[in-house]
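Visitor: I would like the atomic coordinates for the input below:
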Amino acid sequence: MSAFVGDGLFDLQVNGYAGVDFNDPSIGPAAMDIALEAMRAAGVTGCLPTIITAHEGELVERFRALDAAVTGSRLGAEMVPGYHLEGPFLNPDDGYRGVHPAAAMGDPDIALVDTLEAGLSRPILLVTFAPERAGAAAFARALAQRGKAMGMAHSAAGFADVRAAADAGLTLSTHLGNGLPQTLPKLENTFLAQLAEKRLTACVIADGHHMSPDALSAIVALKGTSRTILVTDAVLAAAAPAGHYRFAGMDVKRTDAGAVVPAEGANLAGSALTLDDAVRNVVRWGVADLPTAVAMAAAQPRAALQVALDHHSIRLDPGRVAWSDALEPSPAA
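Guide: Numbers count the residues shown, from 1 in each chain. Next up, the predicted model:
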């Protein structure tokens with residue numbers, strides 16, 4: 001018997017899954033179906049495969065390979081309306097860049113986005129950048145003209161830059177609270193600036209590694225459940241055993257505790273979170289009840305993309321997912 005039936009989940013930020021790296025230029029349709037099938041088992045009916053910072057030639061190669069894999073896969077047409085570009089227009093400073101390669105970063109360049117998107121079967125629907133980079137406001141306006149949704153991350157943008165980007169169409173904090181140094185100025189910092197900007201919805205990684213239950217509760221209390229979206233930022237170590245993996249050309253490992261870190265280092269390198277686990281965590285940590293948690297991972301991410309979806313005349317069928325008393329998802333009859 002189902003405790004609740006709701007829309008299928010939608011992940012705005014997923015770099016890989018079930019042993020499949022979406023940033024691997026050798027990815028093929030069969031591998032894509034392995035990843036998408038595993039995501040469906042977690043209640044996910046739609047997602048934006050995400051390509052992270054790399055040099056232009058690498059980005060072109062990765063997008064072409066990913067698009068061919070999605071187009072040739074059995075589930076791609078049903079589950080993948082487009083893509084998420086996270087970078088390379090990010091802050092390269094220590095603490096902000098995370099595992100994104102600083103040498104491949106640069107100022108926002110709309111021509112690069114156009115180049116990456118040219119010839120793809122489906123659009124780049126979401127672009128994440130750092131609003132403090134030179135030309136960011138004009139870049140945001142150009143993205144808006146092209147019907148892109150926009151997020152910010154790996155950024156030191158203060159109040160003025162966040163406000164200017166929001167004026168130009170920025171609506172998301174891509175993974176609020178992450179891609180930040182351990183120490184920030186006490187008041188003039190990007191975390192507070194993003195919390196205070198009412199036009200920004202906070203995407204959060206509710207895995208207990210990127211933030212504690214208490215920190216997540218605080219963000220949700222300040223933003224509100226309707227302005228919070230659950231994402232995974234998963235890499236190929238999600239829905240996969242502990243061990244060593246290669247993500248976007250980097251050696252990473254999934255620890256026994258479920259964190260993903262560089263093979264040589266302790267910083268986080270994406271997550272091994274599944275989106276149904278994110279829903280369960282939010283419920284079990286007392287942050288929200290099940291219908292609200294499902295909305296944070298289903299209706300709200302789709303709503304965040306609505307402008308981009310409308311621009312490209314894309315209509316999504318979320319499907320229906322039943323949740324058991326044990327908070328396990330399954331396709332609704």
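Visitor: ok, the helix or strand of the chain with the lowest mean pLDDT: who's next to it in the sheet?
Guide: Every helix and strand in the chain was compared by mean pLDDT, DSSP states H and E; the lowest is strand 2-7, with a mean of 89. Paired with strand 2-7 in the same sheet, following DSSP bridges, are strand 320-324 (antiparallel).
Visitor: G286 in helix, strand or coil?
Guide: Secondary structure assignment for G286 (DSSP: H, G, I helix; E, B strand; the rest coil): coil.
Visitor: for it, which non-adjacent residue is closest in space?
Guide: Computed as CB to CB, 6 or more residues apart in numbering, the closest residue to G286 that is not its neighbour in sequence is S217, at 7.5 Å. (Each C-beta comes from the backbone N, C-alpha and C, glycine too.)
Visitor: which other helices and strands contact the helix or strand hosting that neighbour?
Guide: Assigned by DSSP states H and E, S217 belongs to helix 213-223. On a contact count with 3 or more CB pairs under 8 Å, 6 or more residues apart in numbering; DSSP states H and E, helix 213-223 meets helix 190-196, strand 201-204.
Visitor: could you list the low-confidence segments of the chain?
Guide: Segments of the chain classed as low confidence (criterion: pLDDT under 70) are 1-2.
Visitor: and the helices in it, which stretches?
Guide: 29-41, 56-72, 76-79, 110-117, 136-145, 159-168, 190-196, 213-223, 275-284, 290-297, 299-304, 306-311 (DSSP state H).
Visitor: what sits up against the fifth one?
Guide: The set of residues external to helix 136-145 that reach it, using CB atoms under 8 Å, 6 or more residues apart in numbering, is 89, 107-110, 113, 127, 129-131, 150, 161, 164-165, 167-170.
Visitor: next one: it to chain centre, how far?
Guide: How far helix 136-145 lies from its chain's middle: 20 Å, per CA atoms, centre = their mean, to the nearest Å.
Visitor: could you pull out the buried residues of it?
Guide: Neighbour-count burial for helix 136-145, counted by 16 or more other CB atoms under 10 Å, picks out A136, A137, F139, A140, A142, L143, A144.
Visitor: could you tell me the angle between it and helix 159-168?
Guide: Helix 136-145 and helix 159-168 are oriented at 20 degrees to each other (axes from the mean of the first three to the mean of the last three CA atoms, to 10 degrees).
Visitor: now helix 136-145 against helix 110-117, angle please.
Guide: 40 degrees.
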